[in-house]
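> kindly return the folded structure for what I paste below:
(chains A, B, C and D)
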There are 2 protein chains.
Amino acid sequence: MAKRKSLMSDPCPVARSIDVVGDRWALLIIRDAFDGMRRFGEFQKSLGVAKNILSARLRDLVDAGILDVAPASDGSAYQEYILTAKGKELFTVVLGLRQWGEGHLFKKGESIAPMVDRDSGKPIPKITLHTCEGKLLKPENAFVKRKTRA
Amino acid sequence: MAKRKSLMSDPCPVARSIDVVGDRWALLIIRDAFDGMRRFGEFQKSLGVAKNILSARLRDLVDAGILDVAPASDGSAYQEYILTAKGKELFTVVLGLRQWGEGHLFKKGESIAPMVDRDSGKPIPKITLHTCEGKLLKPENAFVKRKTRA
DNA sequence: CAGTATCCCTCAAGATACTG
DNA sequence: CAGTATCTTGAGGGATACTG
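Okay, here's the model as predicted:
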């Protein structure tokens, strides 16, 4: 009875998102896809994950509408996996994780490959959050406004 | 032989972050902490997770420096779990997941409790990404600049 | 190269009982 | 109320062999 409970019917969007991309591999596959990877072998080599696992995860992501499959652009008979618009909107999440990791999970002196802007070549600055009036938003000043009940 | 491999020595910060908060419960506990929850029972009730699991996850988060334990503010003999500065910096990630879920994982007509600014009461707008020159950043225009090798 | 098919193991997660 | 201790189950993950 240790059936893992689905969070997809949870009222909280964070929970639902985690249900879809909250496992060990999904966001790493997506990261690689942002990096330009499209082929099974590329993902496999990058992630070092077992092929059966990768196969299953790719299928899940396609089912979730995050990746699309397309025939390979070279002549080969295989597939390519491309981010959909829905998938691309996860960029914020991946970048957020990247920046948090950069800030807190590296020792002094460890080198980190920076994410840069293609045009200027300069590093992407840290994400900043704003209110709709344009003021800087601190976590303490945001809250989820739940439905008032009768 | 099916030992789960640690990502903490991975050169990619995204991978390291996922190693720390990339499981089913961590970010949901953190979400609740942002929501003001501090007590074991609050988390347990909110998440509906087994107590032993919650206990283990809380300990992991404390070990990771994301939560601090403090004596309860009421007289009781128990603990409170509070976000550290490091933990608070995950707000971007949680908000990113929230917004992605809001945009893609709800059916038309399903109600979503909005996240609002405490001052104005208005919804928090979607996160926008910028280059260091202040231009809007699209995923296609960002890439990880890996070390050039000799 | 791109997967699928097996086999096996570990651990996350659930249920529940117990302690201070 | 706040946990710890046990037990059980099954999904996730690893290795490898196999197929087109």
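
> please count neighbours and contacts with C-alpha atoms only from this point.
Fine.

> I'd guessed residue A:105 sits against residue B:16; true?
Yes - using C-alpha atoms under 8 Å, residue A:105 is in contact with residue B:16, at 6.8 Å.

> which one of those two has more residues nearby?
Under the criterion of other C-alpha atoms under 10 Å in any protein chain shown, the comparison of residue A:105 against residue B:16 puts residue B:16 first, with 24 against 19.

> I figured that one hits residue A:100, correct?
No - at 9.5 Å, residue B:16 does not count as touching residue A:100 under the criterion of C-alpha under 8 Å.

> now do the SS call for residue A:27.
Recorded secondary structure, residue A:27: helix (DSSP: H, G, I helix; E, B strand; the rest coil).

> hang on, it packs against residue A:21?
Yes - at 6.1 Å, residue A:27 counts as touching residue A:21 under the criterion of C-alpha under 8 Å.

> quick check, residue A:102 in a strand?
No - judged by three-state DSSP, residue A:102 forms no part of a strand; its state is helix.

> excluding chain neighbours, what is closest to it?
residue B:13 (5.5 Å; C-alpha to C-alpha, 6 or more residues apart in numbering or on different chains).

> check the burial of that neighbour by counting its neighbours.
Neighbours of residue B:13 (other C-alpha under 10 Å): 27.

> swap in residue A:5?
Neighbourhood size, residue A:5 [other C-alpha under 10 Å]: 10.

> with residue A:74 instead?
The burial count for residue A:74: 8, using other C-alpha under 10 Å.

> got it, and residue A:111?
Residue A:111, neighbours per other C-alpha under 10 Å, totals 11.

> and if you look at residue A:131?
23.

> cool, and residue A:116?
Neighbour tally, residue A:116, other C-alpha under 10 Å: 19.

> for the nearest residue to residue A:119 once chain neighbours are set aside, give its distance to DNA strand D.
Using C-alpha to C-alpha, 6+ apart and skipping the chain neighbours, the partner closest in space to residue A:119 is residue B:141 (7.3 Å). From residue B:141 across to DNA strand D, the span is 30 Å (C-alpha to the nearest atom of the strand, to the nearest Å).

> one more: residue A:105?
Residue A:105 is 20 Å from DNA strand D, by C-alpha to the nearest atom of the strand.

> how about that residue, what does it touch?
B:8, B:13, B:16, B:17 (C-alpha atoms under 8 Å, 6 or more residues apart in numbering or on different chains).

> how much space between the last one and residue A:145?
Between residue B:17 and residue A:145 the distance, using C-alpha to C-alpha, to the nearest Å, works out to 29 Å.

> same check on the first one?
Counting by C-alpha to C-alpha, the gap from residue B:8 to residue A:145 is 36 Å.

> list the strands paired with the helix or strand bottoming out on mean pLDDT in chain A, with their directions.
Lowest by mean pLDDT, DSSP states H and E among the helices and strands of chain A is strand A:67-71, with a mean of 93. In the sheet, strand A:67-71 lines up against strand A:79-83 (antiparallel) (DSSP bridges).

> appreciated, that's everything.
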